[in-house]
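Chemist: coords below, sequence missing:
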């Protein structure tokens, strides 16, 4: 089967949808290929923050901010890695994310904020309402209304070339999607691909799964076969320990992305007493976030699914956990630790700019990851592990408190994950993929994490900002690509 379009976009997350919408707005006939049965990508899995300057939200609070200060502040997040940044792409992000933010507002996406996140000098982080699925809902609706065509269950297996130019995408053995103008790769990162993780990160890292199970580096692999290269492939957020997600979506994830609901939530977050809002906020905050490292610094223990302590909890515990049977474990606290982590400043988990969750919040909101007993032996029975394993774990930490005061609490299962990685294809300032000798590969563009190009996106809200900025730009440039030229 063969179909012909002007632009073929590979990937149905935030960057792919942005590329498809803009290419269609530029007059191109567009098809978006998605290997899954629905849109979403890592955008749908994200917390949903976007960091931008000059927003209406900043103006309403009297905050004067601009892209120049944003550009100057971003390297503060990178620290000693700042020299590996792509300054040209960082300039593009900071200059164009204000317009991308207004574009999202025009599509119907709503935000709460801005929230402070040092070392940003001013509050710039905006949190999407009611959840990150709002991006996919509103972008998907705009794409459909403007005539973008979708093909689901279409996993790209190869890029098609003609006379040195990319001219389409093959899916499987029989489906071919030809592009009169260009192809845009927007398939996300490779956090769940053992091959690329082993090549760029290491053998131990290759065992750690990604939060997004379908982030398998498809776009990177397609381009590597044509001589492209990956930049900063060894950098990632993670591995880190996270609580397993609830078996059923929480209320916060089930909320529909209606404009009226988002506006109501925005008003409530700005005006309603925090006591009334806390139950809803906690239903989000206690889902699958990372437990604070401070737990281990104060003496919490990490045991595997068999109840055995297997590492020094302060020395790369996430890597060690991934190597344990089943890749899962539990965090153990005694009564002293539980009391300490029941109030500020000792929190179990947090989403910056949202709130903090403590031990009592997990007791109320996540009974599936919370177990309590008056003795280690009884706790072991609840976890279905040998009692002597927990007793040995509790006595093995010589530099911590005695770990003797009841009740004894287990938080978990927890697992090791990569949230996202920075390893994107090298691209130029027009988002063209660079091949041998850093010459653009004719007819091939990349956006989002796939086309990150060495740009360092530390801090919250920068990955989504880049997804929408680069996606929009790549779509426009692809639509203007003259294949005959």
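Modeler: Great, that's in hand. All values reported here derive from a predicted model rather than from experimental measurement.

Chemist: which SSE is immediately downstream of the lowest-mean-pLDDT helix or strand in the chain?
Modeler: The least trusted helix or strand in the chain, going by mean pLDDT, DSSP states H and E, turns out to be helix 274-285, with a mean of 58. Moving toward the C-terminus from helix 274-285, the next helix or strand (DSSP states H and E) is helix 294-297.

Chemist: that following helix: what's the following helix or strand?
Modeler: strand 301-304.

Chemist: and the chain, what are its domains?
Modeler: Split into domains by automatic domain parsing, the chain comes to 2-238+420-480, 244-418.

Chemist: mind putting the ones you listed into TSV with mean neighbour count?
Modeler: All C-beta atoms are positioned from the backbone trio N, CA, C, and that covers glycine. Formatted as TSV, the domains of the chain follow (neighbours: other CB atoms under 10 Å):
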stretch	mean neighbour count
domain 2-238+420-480	21
domain 244-418	17
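
Chemist: these two touch, right, residue 341 and residue 333?
Modeler: Yes - judged on CB atoms under 8 Å, residue 341 makes contact with residue 333 at a distance of 7.1 Å.

Chemist: give me phi/psi at residue 88?
Modeler: Dihedral pair for residue 88: phi -70, psi -40, per degrees, to the nearest 10.

Chemist: so residue 479 sits in a helix?
Modeler: Yes - under DSSP: H, G, I helix; E, B strand; the rest coil, residue 479 falls within a helix.

Chemist: could you tell me the model confidence score at it?
Modeler: What the model reports for residue 479 is a pLDDT of 98.

Chemist: spit out the contact partners of it.
Modeler: 6-7, 22-24, 26-28, 30, 181-182 (CB atoms under 8 Å, 6 or more residues apart in numbering).

Chemist: between those, which is nearest residue 369?
Modeler: Set against residue 369, the nearest of the contacts of residue 479 by CB to CB is residue 22 (41.5 Å).

Chemist: starting at the chain centroid, how far to the helix or strand hosting the closest one?
Modeler: Here residue 22, judged by DSSP H and E, is contained in helix 14-25. Helix 14-25 sits 19 Å away from the centroid of its parent chain (CA atoms, centre = their mean, to the nearest Å).

Chemist: report the rounded mean pLDDT for the helix or strand that that helix is followed by.
Modeler: Counting by DSSP H and E, the next helix or strand C-terminal to helix 14-25 is strand 30-34. Per-residue pLDDT over strand 30-34 has a mean of 98.

Chemist: and for stretch 105-122?
Modeler: What stretch 105-122 shows for mean pLDDT is 93.

Chemist: ok now it, how far from the chain's centre?
Modeler: For stretch 105-122 - counting by CA atoms, centre = their mean - the centre lies 17 Å from the chain centre.

Chemist: same check on stretch 413-427?
Modeler: 8 Å.

Chemist: got the end-to-end distance for it?
Modeler: 40 Å (CA to CA, to the nearest Å).

Chemist: list the contacts for residue 95?
Modeler: Residue 95 touches 67, 71, counting by CB under 8 Å, 6+ apart.

Chemist: again, only this time at 6 Å
Modeler: Applying CB atoms under 6 Å, 6 or more residues apart in numbering to residue 95 gives the contacts residue 67.

Chemist: and the angle for the host helix or strand of it with helix 14-25?
Modeler: Assigned by DSSP H and E, residue 95 belongs to helix 87-107. Here helix 87-107 points in a direction 70 degrees away from that of helix 14-25 (axes from the mean of the first three to the mean of the last three CA atoms, to 10 degrees).

Chemist: just checking, next helix/strand downstream of helix 87-107?
Modeler: According to DSSP H and E, the helix or strand after helix 87-107 is strand 110-115.

Chemist: quick one: whatever helix or strand comes next after that following strand to helix 87-107, angle?
Modeler: Of the helices and strands lying after strand 110-115 in sequence (DSSP H and E), the nearest is strand 125-129. Strand 125-129 and helix 87-107 are oriented at 40 degrees to each other (the same axes, to 10 degrees).

Chemist: residue 32 against residue 10, yeah?
Modeler: No - in this structure, residue 32 is not within contact of residue 10 by CB atoms under 6 Å, at 8.0 Å.

Chemist: spit out the residues that contact those two alike.
Modeler: With CB under 6 Å, 6+ apart, residue 32 and residue 10 have no common neighbours.

Chemist: among the domains of the chain, show the one with the smallest mean pLDDT.
Modeler: domain 244-418 (a mean of 85).

Chemist: off-centre distance for whatever helix or strand residue 143 lives in?
Modeler: Using DSSP H and E, residue 143 falls within helix 133-146. Put simply, helix 133-146 sits 19 Å off its chain's centre (CA atoms, centre = their mean).

Chemist: packing partners for it?
Modeler: If you count contacts as 3 or more CB pairs under 6 Å, 6 or more residues apart in numbering; DSSP states H and E, helix 133-146 packs onto helix 14-25, helix 41-45.

Chemist: could I get these as CSV with distance to residue 244?
Modeler: What follows is these, written out as CSV (distance: least, CB to CB, whole Å):
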stretch, distance to residue 244
helix 14-25, 25
helix 41-45, 14
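
Chemist: relative to residue 365, which of those is closest?
Modeler: helix 41-45 (19.7 Å).

Chemist: immediately after the closest one, which helix or strand?
Modeler: Taking DSSP H and E, what comes next after helix 41-45 is strand 49-51.

Chemist: ok, then the element right after that following strand?
Modeler: helix 56-60.

Chemist: so what touches that next one?
Modeler: With CB under 6 Å, 6+ apart as the test, helix 56-60 has contacts from 65, 113-114.

Chemist: at 10 Å what do you get?
Modeler: Residues from elsewhere that reach helix 56-60, judged by CB atoms under 10 Å, 6 or more residues apart in numbering: 52, 63-65, 98, 101-102, 105, 111-115, 122-124, 126, 266, 270.

Chemist: hang on, residue 141 packs against residue 259?
Modeler: No - using CB atoms under 10 Å, residue 141 is not in contact with residue 259, being 11.4 Å away.

Chemist: what touches both of the two?
Modeler: residue 108.

Chemist: residue 414 touches residue 331, doesn't it?
Modeler: Yes - counting by CB under 10 Å, residue 331 is a contact partner of residue 414 at 6.2 Å.

Chemist: which neighbours do those two have in common?
Modeler: With CB under 10 Å, 6+ apart as the test, residue 414 and residue 331 both reach 241, 243, 291, 302, 317, 369.

Chemist: my guess is residue 154 contacts residue 172. True?
Modeler: Yes - counting by CB under 10 Å, residue 154 touches residue 172, with 8.2 Å between them.

Chemist: ok, back up a step: out of the helices and strands packed on helix 133-146, nearest to residue 452?
Modeler: So among the helices and strands packed on helix 133-146, helix 14-25 is nearest, using CB to CB, at 10.0 Å.
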